[in-house]
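Visitor: dropping the sequence and predicted coords here.
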Amino acid sequence: MRGRLITLEGGEGAGKSTLLAGLREHFQRVDMDVLTTREPGGTLAGEAIRALVLDPAHRGIAAETELLLMFAARAQLVREVLRPALEAGRWVLCDRFTDASYAYQGGGRGIDVARIAELERIATTDLKPDLTLLLDLPVAAGRARASQRSDADRIETERDDFFERVRATYRARALADPERFCTIDSSQPRDRVLHAAVAAIEALRNGQAHE
Ligand code: Z5A
């Protein structure tokens, strides 16, 4: 039996890390075995790519280079972690996946969607999430939250209009695929965001549609 792939998406400061921590506690409490991983990263090679691609010292990285690096990390994660876990029947929660490339490199950088789709086929062999939790938050609110954290990585130094395009792309993808996407208003308090995410995951477990 194949497991299930759940992905977390959202713009800067939307609260993915916070939600992930809450979900880990929830899974422990209900004794649910869920493997958690992240993108870019999740493998030795992927984490090395992450360090490279987010390092502000690499200011001159071209949009296409950034895209290829994201997909290189993803190709490794799919083969080394995701496919084996899913084939063993495990549930996996991944902090970002292919939707992030459509949002950041497609929407944000303006790379043609057809090119991204081509790389998706090669890197993921068409692996699609069963459920995507999209944390949606106005850009200004997300940036205000993120500014309270450590130093900005290379992508976080982009301007507001970049993040507006990222948000618009995420929202358009969610609208186009409402069965897979569950959009959560992440301007709500943390416990409400967690509650909405747990409800969507429970619906998936019970074979029901999420709200
Ligand atoms: N990227 C890409 O371009 N293309 C790709 O294909 C992929 C990724 C896969 C790294 O991702 C970068 O890679 C990212 C996209 C790009 N660049 N940017 N920007 P990441 O997921 O590792 O990094 P991130 O997007 O910056 O996420 P983050 O650092 O993990 O932030 P977050 O998880 O969304 O937020 P948080 O740390 O949970 O919360 C931020 C603050 O808000 C913190 O103080 C919280 O306590 C607070 N918070 C959280 N939730 C709430 C609520 N509900 N109310 C009030 N305050 C809250």
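Guide: Received the coordinates, thanks.

Visitor: which residues of the protein fall in strands?
Guide: 5-10, 34-38, 91-95, 131-136, 181-185 (DSSP state E).

Visitor: right, so of those, which gets closest to S147?
Guide: Closest to S147 of those is strand 5-10 (CB to CB; 16.3 Å). Glycine gets a C-beta too; all of them are placed from N, C-alpha and C.

Visitor: packing partners for that closest one?
Guide: Judged by 3 or more CB pairs under 8 Å, 6 or more residues apart in numbering; DSSP states H and E, strand 5-10 is in contact with helix 16-29, strand 91-95, helix 98-100, strand 131-136.

Visitor: need the winner for burial among the ones you listed.
Guide: helix 98-100 (a mean of 24; mean count of other CB atoms under 10 Å).

Visitor: dump stretch 31-45 to PDB, restricted to CA.
Guide: In PDB, the C-alpha atoms belonging to stretch 31-45 read as follows (Å, rounded to 0.1, in the frame of the first residue of the first chain):
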ATOM      1  CA  ASP A  31       0.600   7.900  17.700                       C
ATOM      2  CA  MET A  32       0.800   8.500  14.000                       C
ATOM      3  CA  ASP A  33       4.100   7.700  12.200                       C
ATOM      4  CA  VAL A  34       4.900  10.600   9.900                       C
ATOM      5  CA  LEU A  35       8.300  11.200   8.300                       C
ATOM      6  CA  THR A  36       9.100  14.900   8.100                       C
ATOM      7  CA  THR A  37      11.500  16.400   5.600                       C
ATOM      8  CA  ARG A  38      12.100  19.700   3.800                       C
ATOM      9  CA  GLU A  39      13.000  21.300   0.500                       C
ATOM     10  CA  PRO A  40      15.500  22.300  -0.600                       C
ATOM     11  CA  GLY A  41      17.200  19.700   1.500                       C
ATOM     12  CA  GLY A  42      16.300  16.500   3.200                       C
ATOM     13  CA  THR A  43      19.300  14.600   1.900                       C
ATOM     14  CA  LEU A  44      23.000  15.100   2.200                       C
ATOM     15  CA  ALA A  45      23.200  16.400  -1.300                       C
END
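
Visitor: if anything else comes up later, I'll come back, but that's it for now.
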